[in-house]
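>>> this is a predicted model, with the sequence first.
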Amino acid sequence: MTDENKKMLLDAGIDFDGIAARIPLKEDFLLRMLRKYPGETCFGDLEKAMEAKDYEEAFRHAHNLKGVTGNLEMVKLHEVTTNLVEKLRAHSYEGVEEDFAEIKKAHGKAIEGIGRLG
């Protein structure tokens with residue numbers, strides 16, 4: 001992968017070198033894993049649960065999203081998702097809408113960055 005592509009991913013909140021260091025597989029396989037992320041359903045499921053204010057269901061989907069983004073070194077999205085997971089785990093709902101807005105923003109940026117990979 002070119003340094004330019006790595007920088008572009010890093011700008012999108014994705015640490016490709018971090019993935020490669022943690023999961024010592026061929027680069028093309030790691031890229032395939034990243035390219036599969038846009039088809040992942042946990043973000044859409046989280047969005048539906050948040051819209052319905054079903055915070056128990058939102059916790060489940062946010063926790064799944066946290067795992068996926070952690071495994072793929074999607075550092076910004078993982079960070080903001082972790083914040084929401086911890087609030088939902090504690091049944092502390094103040095500010096969860098704002099937290100979800102940050103997740104949407106980071107998710108969009110990650111999708112955009114992955115899309116630029118071609």
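Ah, there it is. Numbering: from 1, shown residues only.

>>> run through who's touching the longest helix along the chain.
The single longest helix within the chain, with elements called by DSSP state H, is helix 96-115. For helix 96-115, the surrounding residues in contact (C-beta atoms under 8 Å, 6 or more residues apart in numbering) are 8-9, 11-14, 34-35, 37-38, 43, 46-47, 50, 55, 58, 62, 65, 69, 74, 76-77, 79-81, 83-84, 87-88. From N, CA and C alone the C-beta is placed, and that goes for glycine too.

>>> let me know the helix or strand that Asp17 is in.
helix 16-22 (DSSP states H and E).

>>> and the next helix or strand past that helix?
helix 27-36.

>>> and the lowest-mean-pLDDT helix or strand in the chain, which residues are buried?
Here the helix or strand of the chain ranked lowest by mean pLDDT, DSSP states H and E is helix 16-22, holding a mean of 80. For helix 16-22, a neighbour-count test (16 or more other C-beta atoms under 10 Å) marks 16, 19-20 as buried.

>>> helices and strands around it, which ones?
Under the contact criterion of 3 or more C-beta pairs under 8 Å, 6 or more residues apart in numbering; DSSP states H and E, helix 16-22 touches helix 3-11, helix 27-36.

>>> need these in JSON lines (columns: distance to Gly95 and mean neighbour count).
Below are these laid out as JSON lines (distance: least, C-beta to C-beta, whole Å; neighbours: other C-beta atoms under 10 Å):
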{"stretch": "helix 3-11", "distance to Gly95": "27", "mean neighbour count": "14"}
{"stretch": "helix 27-36", "distance to Gly95": "30", "mean neighbour count": "14"}
